[in-house]
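Colleague: here is a sequence with its predicted model. Questions after.
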Amino acid sequence: MLGARLILRVRQGWRVARIVETEAYVAKDPASHAYRGRTERNRAMFAGPGTVYVYRIHQVHCVNLTTRPGQAVLLRAAEPLTPALGNTQGPGRLCRAFDLTRADDGVSAVTGPRLRIAPGPRPDETVVRTPRIGVTRGRTRRLRFLLSGNRWVSRGRSRRGRS
DNA sequence: GAAAAGATTACCT
DNA sequence: GGTAATCTTTTCC
């Protein structure tokens, strides 16, 4: 998913960004919102692949794409490719730049009219893995993926971690 | 029904 | 580097 395009259709045209940082939330993962099974909030994580799962934390939103039932990828940062796009560094800012809220929860990023994910060219940067940011459980696993050295990566700009 | 926790961010020192 | 803001969902009694 790193290097893929996130595309939002707006009245004036498009907003496009290149995904540069993600985190995986997998099966039997204590940090995952789906860890204790399906609930009202996480139902989008149990819908088909490519379903958008948006949740709110504190005063911001975060966006995920469902991969398999109960599993999803959090989009943490992107590189703006259209000038009108605001700051997309960090999951909350990314959602704000794309105007994503709970209203978008459950839509498809594959077939939906508003938000799409599309393949991009293979990134030049090296993919590195680190532990996930902000989680209190499941800290030992390296399930954060980022494009090494990219200026839009949310923190650390980590060149550490192994590819 | 109440309380706590949280996949964050902005602003402080 | 630390912490408050702020609110929804989940968890516990």
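Modeller: Okay, I see it.

Colleague: need the contact list for the closest residue to DNA strand B within chain A.
Modeller: For chain A, the nearest residue to DNA strand B under the criterion Cβ to the nearest atom of the strand is residue A:134, separated by 1.8 Å. The C-beta positions use only the backbone N, C-alpha and C, and glycine is treated the same way. Neighbour list for residue A:134: empty [criterion: Cβ atoms under 8 Å, 6 or more residues apart in numbering].

Colleague: tell me which helix or strand it sits in.
Modeller: Taking DSSP states H and E as the definition, residue A:134 sits outside all helices and strands.

Colleague: retrieve the pLDDT associated with it.
Modeller: The predicted local distance difference test score for residue A:134 is 94.

Colleague: just read off the phi/psi values of it.
Modeller: With angles defined as degrees, to the nearest 10, residue A:134 shows backbone torsions of phi 80, psi -20.

Colleague: near DNA strand B, which residues of chain A?
Modeller: A:23, A:25, A:31-34, A:45, A:53, A:55-60, A:62, A:64, A:72, A:74, A:76, A:87, A:90-94, A:132-137, A:154 (Cβ under 7 Å from any atom of the strand).

Colleague: got a quick PyMOL command for the buried subset of those?
Modeller: In PyMOL, this line selects whichever of the residues of chain A next to DNA strand B come out buried by 16 or more other Cβ atoms under 10 Å:
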select buried, chain A and resi 23+25+31+32+33+34+45+53+55+62+64+72+74+76+90+91+92+93+94+132+133+135+154
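
Colleague: of the residues of chain A next to DNA strand B, which belong to strands?
Modeller: A:23, A:25, A:53, A:55, A:56, A:57, A:60, A:62, A:64, A:72, A:74, A:76 (DSSP state E).

Colleague: mind putting these into JSON lines with distance to residue A:6 and pLDDT?
Modeller: Putting these into JSON lines (distance: Cβ to Cβ, whole Å; pLDDT from 0 to 100) gives the following:
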{"residue": "A:23", "distance to residue A:6": "15", "pLDDT": "98"}
{"residue": "A:25", "distance to residue A:6": "18", "pLDDT": "98"}
{"residue": "A:53", "distance to residue A:6": "14", "pLDDT": "98"}
{"residue": "A:55", "distance to residue A:6": "17", "pLDDT": "97"}
{"residue": "A:56", "distance to residue A:6": "19", "pLDDT": "96"}
{"residue": "A:57", "distance to residue A:6": "20", "pLDDT": "96"}
{"residue": "A:60", "distance to residue A:6": "17", "pLDDT": "96"}
{"residue": "A:62", "distance to residue A:6": "13", "pLDDT": "98"}
{"residue": "A:64", "distance to residue A:6": "12", "pLDDT": "98"}
{"residue": "A:72", "distance to residue A:6": "15", "pLDDT": "98"}
{"residue": "A:74", "distance to residue A:6": "13", "pLDDT": "98"}
{"residue": "A:76", "distance to residue A:6": "12", "pLDDT": "98"}
